[in-house]
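Chemist: Let me see the structure of the following:
(chains A and B)
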There are 2 protein chains.
Amino acid sequence: MNTREYVIEKAKAAKAASREMTTISSKVKNTALEAMAEALLSNKDLIIYENAKDIKNGKEKGLSQYMLDRLLLNEKRIMSMADGLRTVAALRDPIGEVLKMWKTENDLQIGQIRVPLGVIGMIYESRPNVTVDAAALCIKAGNAVILRGGSEAIHSNTALIQIIKKAAEENGLPKGCIQFIDITDRDAVNEMMTLNTYIDVLIPRGGAGLINTVVNNSTVPVIQTGVGNCHVFIDESADHTMAHDIVMNAKTQRPGVCNAIETILLHKNIAKEILPRLGESLISKGVQIRGCSKTREILKNIEQATEEDWAAEYLDYILAAKVVDSIDEAIEHIYKYGTNHSEAIITNDYNNSQRFLREIDASAVYVNASTRFTDGSQFGFGAEIGISTQKLHTRGPMGLEELTTIKYIIYGDGQIRD
Amino acid sequence: MNTREYVIEKAKAAKAASREMTTISSKVKNTALEAMAEALLSNKDLIIYENAKDIKNGKEKGLSQYMLDRLLLNEKRIMSMADGLRTVAALRDPIGEVLKMWKTENDLQIGQIRVPLGVIGMIYESRPNVTVDAAALCIKAGNAVILRGGSEAIHSNTALIQIIKKAAEENGLPKGCIQFIDITDRDAVNEMMTLNTYIDVLIPRGGAGLINTVVNNSTVPVIQTGVGNCHVFIDESADHTMAHDIVMNAKTQRPGVCNAIETILLHKNIAKEILPRLGESLISKGVQIRGCSKTREILKNIEQATEEDWAAEYLDYILAAKVVDSIDEAIEHIYKYGTNHSEAIITNDYNNSQRFLREIDASAVYVNASTRFTDGSQFGFGAEIGISTQKLHTRGPMGLEELTTIKYIIYGDGQIRD
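Modeler: Next up is the predicted model:
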């Protein structure tokens, strides 16, 4: 069987399973998710054994310490994946919720009911926990899922899938509702992108290269996730300590993720008071600062920021800094360089807070809080499958509801149209 | 300027206008829509004069009587377009609605607020009223719109755009919020499909050829509209008169539209009683019936239906008919041949009505009513821009709310992430 035939076979099986999924009760879905959690725990030795192969290969390939850490599965992380499954089991089932229902002039009763999307294709890169999280969320929302993980985690993913798929199918879920594509070159992705007959939506999660490939070539509708060139704007009226703490959190708590910030914008009337202490804290945490000329008048020993810096998603201990004349200049800068992900203002000015919330076009716009909260768990969704940066379908963290769609149900008693 | 440069220029202008649109009040939008209505009425002679050119060209090109009728604008139709603008002006503004807002454990207040999609590209074919309807809905929902109509209506569309654009811009809407692309060959469409930097969503409306081209090639997210192979299933317990009247309505009230039916499925225990009178009514209305062998045992003089008939969207006075053994066979048939548009069951059996509503995967599923109601106006949306047959973003008739997206707004008082 060639790659195309292989992928089509998996997609067809997922499509058939997705139809059965619509008739599965919440209770069965939850029981299966609990069983999947149990199965992970009772097979932890196998998982760790298989994961060790990926780690060994990763070291041989020269993966960075950071990448190796993302790849690693240990007892604690397996327990955390199992907890994730149980959390999803405990969430309210979104399927069957009637979002609204009304009566028309001619007495038709029209309702909008939440239904599964159908078949969801997940294309992702290194972290093996995505395999378990994505399967859990897709299933709970009544979907079948086709998982295609990256080559670095192939042994871990194969073991995880084998374990959760068996538990799912032995506990009442339709055979085939979790599909795994173990072809890790781009051919498999290329095939998935053409199968709009079987796959209802593709969610690519990973680097810009992967995401752009999928967005530019897929005939299957795509939810774009991803790139985050996020900013904090420190307004004239900002509380100094709050501004310091939020910038430190948003830059250094976990610099490698999309909701970390890459640039700070400082109102000119506050820059001199804020920058010295903030600069010191950042540098002591190992952050390299690249500033505009005005920033460099205050922080003498930093590099000059270039046009590329304003546009960069460093995902690293680097921060660009720019002094601006006004909130207007800050909004303009974000409009020009932002990626519509997460943006924050630190201010005590009511009008400016409202303007920022209204005029900034991003998935999540913050007043006086760290951008690091753009996350399904932090938002209270229980879990997330990714963060949408497009406008169609949904924006921001995607939890269970975002993996559903609606249909209209209409109760009549013989109505015909005039 | 070549086509690419021309389209990019329009798209850039729309993008700039879309940003201004977010700061325009409901009052200004409504005043502009009213002014656009007035402008259509006071320029009706010009519109009719320009439309006559399209009609003349259409006749020379040998367009069918049906197509010429779709193209025709007369005083009554211009008044109807003006009424449409006023209806949209009177609708509640969806922008700024907070869909939900909650507080997290750490006292962040997180809200989901409705915002415009941004720039909407509409690609459509013959009917010139789409120009006005689409502009009205897109603007009311706070978007900029790029309209690209078909060649048959080019004179009508050019006149309509000139009139409504002037009225819009003279009444407070940002310059450039309505863009018209008057290049009617496919090159302009091909360029629009590549501009995901400027265009947030493309909505193709028209024949299957156009829609497939856009779905298969666009890097801009697409809302697929369209193909409707719709069914009525007459269950064993159906009221005979109701079944007769609904089938007649769904097939013959307007056969050329996507929510008209193409196939009827009849339960075997009721076929003999229903078919003779229904067949007579259909034939007397000029409908050609193509039946399965069992249908032909009852209606002797009809053609045999082929595999192609079950899959066909005739959009014409042709109806396929099949006798089925059970609701299961009916559901299977619809699963196999349906296009997820509109499906109806006529029944008095409670369980069967619930099964049909649950198991049929379509934009709109009806019990005891005509499929012809799948329409924004009929649903009470005031107007519609098309009917989505995909699952991402929305399904079924698209009104104002469907032309919006959300963003998260977060009020904090210094929260940072642990």
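Chemist: Is there proximity between stretch A:87-96 and chain B?
Modeler: No. For a cut-off given as Cβ under 8 Å from any Cβ of the partner chain, stretch A:87-96 has no contacts with chain B; the smallest distance is 8.6 Å. Where you see a C-beta, it was placed from the backbone N, CA and C, and this is true even at glycine.
Chemist: Now tell me what touches that stretch from outside.
Modeler: A:22, A:26, A:29-30, A:33-34, A:37, A:113-116, A:136-137, A:140-142, A:382-383, A:400-401, A:404 (Cβ atoms under 8 Å, 6 or more residues apart in numbering or on different chains).
Chemist: what do you get for stretch A:17-35?
Modeler: Defining contact as Cβ under 8 Å, 6+ apart, one finds that stretch A:17-35 is touched by A:85-86, A:88-90, A:93, A:95, A:115-116, A:118-119, A:136, A:139-140, A:142-144, A:167-168, A:170-177, B:335, B:358-359, B:361.
Chemist: try 7 Å this time
Modeler: For stretch A:17-35, the surrounding residues in contact (Cβ atoms under 7 Å, 6 or more residues apart in numbering or on different chains) are A:85-86, A:88-89, A:93, A:116, A:118-119, A:136, A:139-140, A:142-144, A:167-168, A:171-177, B:359.
Chemist: Quick one: the strands in the stretch 251-400 of chain A, in order.
Modeler: For the stretch 251-400 of chain A, the strands defined by DSSP state E, counting those that start in this stretch cover A:261-267, A:288-291, A:303-304, A:318-324, A:342-346, A:364-369, A:387-388, A:396-397.
Chemist: Save those as JSON lines, and put in distance to B:Asn348 too.
Modeler: JSON lines is the format used below for the strands of the stretch 251-400 of chain A (distance: least, Cβ to Cβ, whole Å):
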{"stretch": "strand A:261-267", "distance to B:Asn348": "62"}
{"stretch": "strand A:288-291", "distance to B:Asn348": "73"}
{"stretch": "strand A:303-304", "distance to B:Asn348": "78"}
{"stretch": "strand A:318-324", "distance to B:Asn348": "69"}
{"stretch": "strand A:342-346", "distance to B:Asn348": "54"}
{"stretch": "strand A:364-369", "distance to B:Asn348": "50"}
{"stretch": "strand A:387-388", "distance to B:Asn348": "44"}
{"stretch": "strand A:396-397", "distance to B:Asn348": "46"}
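Chemist: Which among those strands is found nearest to chain B?
Modeler: Taking Cβ to the nearest Cβ, strand A:364-369 is the member of the strands of the stretch 251-400 of chain A nearest to chain B, at 2.8 Å.
Chemist: Paired strands for that closest one, with orientation please.
Modeler: strand A:342-346 (parallel), strand B:404-415 (parallel) (DSSP bridges).
Chemist: In TSV: the strands of the stretch 251-400 of chain A, plus mean neighbour count and mean pLDDT.
Modeler: Formatted as TSV, those follow (neighbours: other Cβ atoms under 10 Å in any protein chain shown; pLDDT from 0 to 100):
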stretch	mean neighbour count	mean pLDDT
strand A:261-267	26	98
strand A:288-291	21	98
strand A:303-304	12	98
strand A:318-324	24	98
strand A:342-346	30	98
strand A:364-369	26	98
strand A:387-388	24	94
strand A:396-397	26	96
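Chemist: To B:Ile289, which of those lies closest?
Modeler: When the strands of the stretch 251-400 of chain A are compared by Cβ to Cβ, strand A:387-388 sits nearest B:Ile289, at 47.6 Å.
Chemist: one step back: of the strands paired with strand A:364-369, which stretch is the most buried?
Modeler: Comparing the strands paired with strand A:364-369 by mean neighbour count (mean count of other Cβ atoms under 10 Å in any protein chain shown), strand A:342-346 comes out on top with a mean of 30.
Chemist: Run through who's touching that strand.
Modeler: The contact list for strand A:342-346, computed with Cβ under 7 Å, 6+ apart, reads A:228, A:230-235, A:238, A:242-243, A:246, A:259, A:334, A:352-353, A:356, A:360, A:362-369, A:371, A:374.
Chemist: if we go to 6 Å?
Modeler: Here strand A:342-346 makes contact (Cβ atoms under 6 Å, 6 or more residues apart in numbering or on different chains) with A:230-235, A:238, A:242-243, A:246, A:259, A:334, A:356, A:360, A:362, A:364-368, A:371, A:374.
Chemist: Same check on stretch A:195-209?
Modeler: Contacts for stretch A:195-209 (Cβ under 6 Å, 6+ apart): A:11-12, A:15, A:117-125, A:210-211, A:214, A:218-223, A:225, A:227, A:386, B:391-392.
Chemist: Please apply the same query to stretch A:307-319.
Modeler: With contacts defined as Cβ under 6 Å, 6+ apart, stretch A:307-319 is touched by A:227, A:229, A:251, A:255-256, A:262, A:286-290, A:320, A:337.
Chemist: re the thing from before, determine which of the strands paired with strand A:364-369 approaches A:Ala330 most closely.
Modeler: Comparing the strands paired with strand A:364-369 by Cβ to Cβ, strand A:342-346 comes nearest, at 7.8 Å.
Chemist: Now do stretch A:100-114, average pLDDT.
Modeler: Taken as a whole, stretch A:100-114 has a mean pLDDT of 97.
Chemist: Straight-line length of it, end to end?
Modeler: One end of stretch A:100-114 sits 10 Å from the other (Cα to Cα, to the nearest Å).
Chemist: Off-centre distance for it?
Modeler: 34 Å (Cα atoms, centre = their mean, to the nearest Å).
Chemist: which residues touch that stretch?
Modeler: A:94-95, A:97-99, A:404, A:406, A:409-412, A:415, B:369, B:379-380.
Chemist: Name the residues of the stretch 201-350 of chain A found near chain B, please.
Modeler: A:201, A:215-216, A:219, A:221, A:242, A:245-246, A:249, A:253 (Cβ under 6 Å from any Cβ of the partner chain).
Chemist: Most neighbours among those residues, which one?
Modeler: Counting neighbours by other Cβ atoms under 10 Å in any protein chain shown, A:Ile246 leads these with 29 neighbours.
Chemist: who touches the closest residue to that one other than its chain neighbours in this structure?
Modeler: Setting aside the residues directly before and after it, A:Ile246 is nearest to A:Ser370 in space (Cβ to Cβ, 6 or more residues apart in numbering or on different chains), at 5.0 Å. If you count contacts by Cβ under 6 Å, 6+ apart, A:Ser370 has them with A:246, A:249-250, B:416-417.
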